[in-house]
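>>> Test case, fold it:
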Amino acid sequence: MTDSIKIMCINAGSSSLKFKLYEVGKNIKNAKSLTEKATHLNSLTNGIVERIGHDDAIFSIKDKEGKKQTTIQPVSNHQEAVDLVLNSLLKLNIISSYDEIKGVGNRVVQGGSYFSDSALFDKKTEEIITKLIPLDPLHAEAHLTCYHAFKKALPNVGEVAVFDTAFHQTMEEKEYMYALPYEYYEKYSVRKYGAHGTSHKYLSIMASEMYFKGQEHVNLITCHIGSGASISAIKDGKCISTSMGLTPLAGVMMGTRTGDIDPSCMPFLAKCTGKDAEELYDIFNKKSGLLGISGISNDTRDVEDAYLKGDKKAKLAIDMYANKIAEYIMMYYGKLGHVDMIVCSAGVFENAPLYRKEAFKLVEEAIGVKIDEKLNSEIRLGKEGLISSSDSKIKVAVIPTDEELMIALDTIRLLNIVE
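Predicted coordinates for the structure are as follows:
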């Protein structure tokens with residue numbers, strides 16, 4: 001074992017590459033809890049390459065002092081993006097040699113029903129992800145491209161695929177099946193898969209360790225509410241239901257996505273507008289949600305600013321957003337029978353008190369959730385803590401998610417990096 005072991009965590013999009021580099025402490029092998037393991041992983045840098053495929057790609061990286069450095073330059077493909085990131089690690093003296101990097105963990109959105117855990121990213125895994133491209137054409141191809149890019153740049157370094165869908169594989173058949181002809185499931189694998197599973201798993205473990213240590217049975221509702229948003233019902237550490245479906249379009253209303261709508265909207269709007277299915281699907285994914293209703297932005301901060309100024313469409317957008325979240329909380333409360341805690345996380349629910357307040361206000365009478373206004377206003381921007389009042393029947397906590405940490409730990413585990 002070398003004196004310095006590093007793990008690279010990757011989140012590849014069709015035209016982007018997010019990354020985070022961890023240094024692994026030697027004593028991580030003795031850590032038992034997730035909380036303890038986290039103390040043995042030191043984040044050295046993170047950043048993103050955006051607009052891959054363009055002459056004005058944007059590359060941002062934090063140097064050793066934590067200062068963000070940004071450059072604009074041509075980046076033709078993911079291979080160039082990977083080379084740019086790795087060369088910058090050397091140039092900025094974040095690493096002294098590529099030999100320090102002992103593993104690469106890749107976030108993979110769609111693992112279908114093939115993976116209930118992370119897996120070594122080998123030829124077999126590559127073949128399955130390739131088979132699943134029709135279920136996730138935008139992300140799957142980017143994941144494979146990035147996998148090969150790192151394989152070429154670091155040929156002796158093992159890679160791991162960490163699937164967004166793996167945590168949700170504990171759902172029962174009655175939860176993940178759609179009421180379509182059964183042959184569509186058999187022939188085309190049409191079913192609910194969910195997403196954000198790595199985040200929901202992290203939140204489940206952290207909530208149990210921080211608030212229910214030693215308690216045998218814990219029921220949670222985890223709310224990963226960011227630009228993309230999903231809610232999960234978790235019983236004793238296992239997902240029993242989640243809001244996203246075959247794709248991340250389903251579930252609650254999001255920044256640009258519709259969430260659940262009547263499927264009849266598709267053929268009806270095709271007749272009304274003359275647009276085909278692909279054009280409408282693009283609108284459902286990229287021009288709907290908060291953006292579509294408010295006509296202002298998909299950014300919750302912009303919509304909130306307009307709401308506070310009395311904009312009627314902004315108010316409607318926030319009301320709809322909160323209403324859909326409340327609906328899922330109520331539904332999952334019913335499925336679980338009782339709820340020990342509701343966990344708030346991701347960009348919006350970690351940082352936007354207004355959206356949390358509006359959502360929980362709608363379930364206060366039904367399930368006795370009460371939010372402390374002072375705590376709600378204070379717990380944001382990376383802070384963790386309870387935002388429920390002392391007389392709330394269900395605890396509500398904000399726990400900042402850390403998907404990269406989970407990717408790093410699975411990479412260490414599967415590659416057996418620390419013996």
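>>> Which positions in the worst-scoring helix or strand of the chain on mean pLDDT come out as buried?
Least confident element among the helices and strands of the chain, by mean pLDDT, DSSP states H and E: helix 137-153 (a mean of 86). Buried residues in helix 137-153, counted by 16 or more other C-beta atoms under 10 Å: 139-147, 149-151, 153. (Glycine included, C-beta is placed from N, CA and C.)
>>> Could you pull out the strands in this structure for me?
Secondary structure of the chain (DSSP state E): strands at 5-12, 16-24, 41-50, 54-62, 68-75, 101-108, 119-120, 158-163, 219-225, 229-235, 238-242, 341-345, 385-386, 395-398.
>>> Could you spell out the sheet neighbours of the third one, each with its direction?
Spelled out, that is strand 41-50. Sheet pairing of strand 41-50 (DSSP bridges) gives strand 16-24 (antiparallel), strand 54-62 (antiparallel).
>>> and of the ones you listed, who's closest to residue 230?
Nearest of the strands paired with strand 41-50 to residue 230, taken as C-beta to C-beta: strand 16-24 at 18.8 Å.
>>> Kindly reformat the strands paired with strand 41-50 as TSV and extend each row with distance to residue 126, mean neighbour count and mean pLDDT.
As requested, the strands paired with strand 41-50 are exported to TSV (distance: least, C-beta to C-beta, whole Å; neighbours: other C-beta atoms under 10 Å; pLDDT from 0 to 100):
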stretch	distance to residue 126	mean neighbour count	mean pLDDT
strand 16-24	18	22	92
strand 54-62	26	16	92
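>>> Between those strands, which one is closest to residue 184.
That would be strand 16-24 among these, by C-beta to C-beta, at 32.3 Å.
>>> which outside residues touch the closest one?
Strand 16-24 is contacted by residues 4-12, 40-52, 78, 81-82, 85, 89, 94-95, 101-102, 146, 404, 408, 412, 417-418 when judged by C-beta atoms under 8 Å, 6 or more residues apart in numbering.
>>> List only those of the residues you listed flagged as buried.
Using 16+ other C-beta under 10 Å, the buried members of the contacts of strand 16-24 are 5-12, 40-41, 43-50, 52, 78, 81-82, 85, 89, 94-95, 101-102, 146, 404, 408, 412, 417-418.
>>> Poorly predicted segments of the stretch 1-150 of the chain, please.
1-3 (pLDDT under 70).
>>> Residue 209 against residue 32, yeah?
No: between residue 209 and residue 32 there is no contact under C-beta atoms under 8 Å: 10.0 Å.
>>> ok, back up a step: which elements pack onto the least confident helix or strand of the chain?
Applying 3 or more C-beta pairs under 8 Å, 6 or more residues apart in numbering; DSSP states H and E, we find helix 137-153 packed against strand 5-12, helix 78-91, strand 101-108, helix 123-131, strand 158-163.
>>> redo that, cut-off 6 Å
Here helix 137-153 touches strand 5-12, helix 78-91, strand 101-108, going by 3 or more C-beta pairs under 6 Å, 6 or more residues apart in numbering; DSSP states H and E.
>>> Report the backbone C-alpha coordinates of the second one in PDB.
In this case it means helix 78-91. Output in PDB follows, covering the C-alpha atoms of helix 78-91 (Å, rounded to 0.1, in the frame of the first residue of the first chain):
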ATOM      1  CA  HIS A  78     -15.100  13.100 -22.600                       C
ATOM      2  CA  GLN A  79     -11.600  11.700 -23.200                       C
ATOM      3  CA  GLU A  80     -10.300  15.200 -23.500                       C
ATOM      4  CA  ALA A  81     -12.300  16.100 -20.400                       C
ATOM      5  CA  VAL A  82     -10.800  13.300 -18.400                       C
ATOM      6  CA  ASP A  83      -7.300  14.200 -19.600                       C
ATOM      7  CA  LEU A  84      -7.900  17.800 -18.600                       C
ATOM      8  CA  VAL A  85      -9.000  16.800 -15.100                       C
ATOM      9  CA  LEU A  86      -6.100  14.400 -14.500                       C
ATOM     10  CA  ASN A  87      -3.500  16.900 -15.900                       C
ATOM     11  CA  SER A  88      -4.800  19.600 -13.700                       C
ATOM     12  CA  LEU A  89      -4.400  17.400 -10.600                       C
ATOM     13  CA  LEU A  90      -0.700  17.200 -11.400                       C
ATOM     14  CA  LYS A  91      -0.400  20.800 -12.400                       C
END
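>>> Contacts for it, please.
Helix 78-91 is contacted from outside by 17, 19, 49, 52, 59, 61, 75, 95, 145-146, 149-150, 153, using C-beta atoms under 6 Å, 6 or more residues apart in numbering.
>>> try 7 Å
Residues from elsewhere that reach helix 78-91 (C-beta atoms under 7 Å, 6 or more residues apart in numbering): 12, 17, 19, 21, 49, 52, 59, 61, 75, 95, 98, 145-146, 149-150, 152-153.
>>> how many other residues sit next to residue 204?
Residue 204 has 24 neighbours, counted by other C-beta atoms under 10 Å.
>>> Who are the contact partners of the closest residue to it other than its chain neighbours?
Nearest residue to residue 204, sequence neighbours excluded (C-beta to C-beta, 6 or more residues apart in numbering): residue 234, at 4.8 Å. For residue 234, the contact set (C-beta under 7 Å, 6+ apart) comprises 200, 204, 220, 222.
>>> Just want the angle from whichever helix in the chain runs longest to strand 229-235.
Looking across the chain with DSSP state H, the single longest helix is helix 312-336. Put simply, helix 312-336 runs at 20 degrees to strand 229-235, going by axes from the mean of the first three to the mean of the last three C-alpha atoms, to 10 degrees.
>>> neighbouring contacts of helix 312-336?
Contacts for helix 312-336 (C-beta under 7 Å, 6+ apart): 219, 221, 223, 225, 231, 233, 235, 240-241, 243, 252-253, 259, 290, 293-296, 303, 306-307, 339, 342, 355, 358-359, 362-363, 366-367.
>>> could you redo the last one with a cut-off of 6 Å?
By C-beta under 6 Å, 6+ apart, the list of residues contacting helix 312-336 reads 219, 221, 231, 233, 241, 243, 252-253, 259, 290, 293-295, 303, 306-307, 339, 358-359, 362-363, 367.
>>> Just the buried residues of these.
Using 16+ other C-beta under 10 Å, the buried ones in the contacts of helix 312-336 are 219, 221, 231, 233, 241, 243, 252-253, 259, 290, 293-294, 303, 306-307, 339, 358-359, 362-363, 367.
>>> Keep only those of these that are in helices.
Those of these lying in helices (DSSP H): 290, 293-294, 303, 306-307, 358-359, 367.
>>> show me the contacts for the residue nearest the centre of the chain.
Taking C-alpha atoms, centre = their mean, the centroid of the chain lies closest to residue 196, which sits 3.8 Å from it. The neighbours of residue 196, taking C-beta under 6 Å, 6+ apart as the test, are 224, 230.
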